[in-house]
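Trainee: turn this into a structure:
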Amino acid sequence: MKPPNFRPALKGQSQKKVFSKGLDHQSKSIGRQLLEAVLLISLGAGAFAFLSWLPQKLDAMVLVSEAIADLIRGVTQLVEACLGIAAVILIALLLMFALVAFFAGSIRLIKGCISLLQVMSRKRARPIHPQPKRRR
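Mentor: Residues are numbered from 1 along each chain as shown. I've put the predicted structure just below:
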């Protein structure tokens, strides 16, 4: 099977490059590379100096223990809140179950009373005194 031969719409136009590489990246100048290197080294040295000064102002063990205690308190509160919500949902489900059972029982009681009244009315329609049996 031959691939189709597509021609440009106008003969004077050149075809577009679909997968062009774009602009060529030029390498950075040596001065810019040196400036970036000096800035990054000074940033790293400043961060190390800050980290070495930090323990003098803060007690790291106290900070870590307080953070862990706060985390434990937060998890405890979260678990208590989840248990509270579960209890509320359980009570609501129990209430719905009670309502459905109450209404279903009421409807069955009403239907039973109606059927009992119909049976009683059929018995009343029959004569109270039985007819004597015919003798042969």
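Trainee: SS state for residue 135?
Mentor: coil (DSSP: H, G, I helix; E, B strand; the rest coil).
Trainee: show the contacting residues for residue 64.
Mentor: Residues in contact with residue 64 (CB atoms under 8 Å, 6 or more residues apart in numbering): none are found. Every C-beta, even on glycine, is put in place using the N, C-alpha and C of the backbone.
Trainee: chain center to the strand or helix carrying it: distance?
Mentor: Assigned by DSSP states H and E, residue 64 belongs to helix 60-125. The chain centroid and the centroid of helix 60-125 are separated by 23 Å, computed with CA atoms, centre = their mean, to the nearest Å.
Trainee: just want the most central residue of the protein.
Mentor: By CA atoms, centre = their mean, the mean C-alpha position of the chain lies nearest to residue 82, the distance being 14.8 Å.
Trainee: can you tell me how far that residue is from residue 88?
Mentor: Residue 82 is 11 Å from residue 88, where distance means CB to CB, to the nearest Å.
Trainee: if anything else comes up later, I'll come back, but that's it for now.
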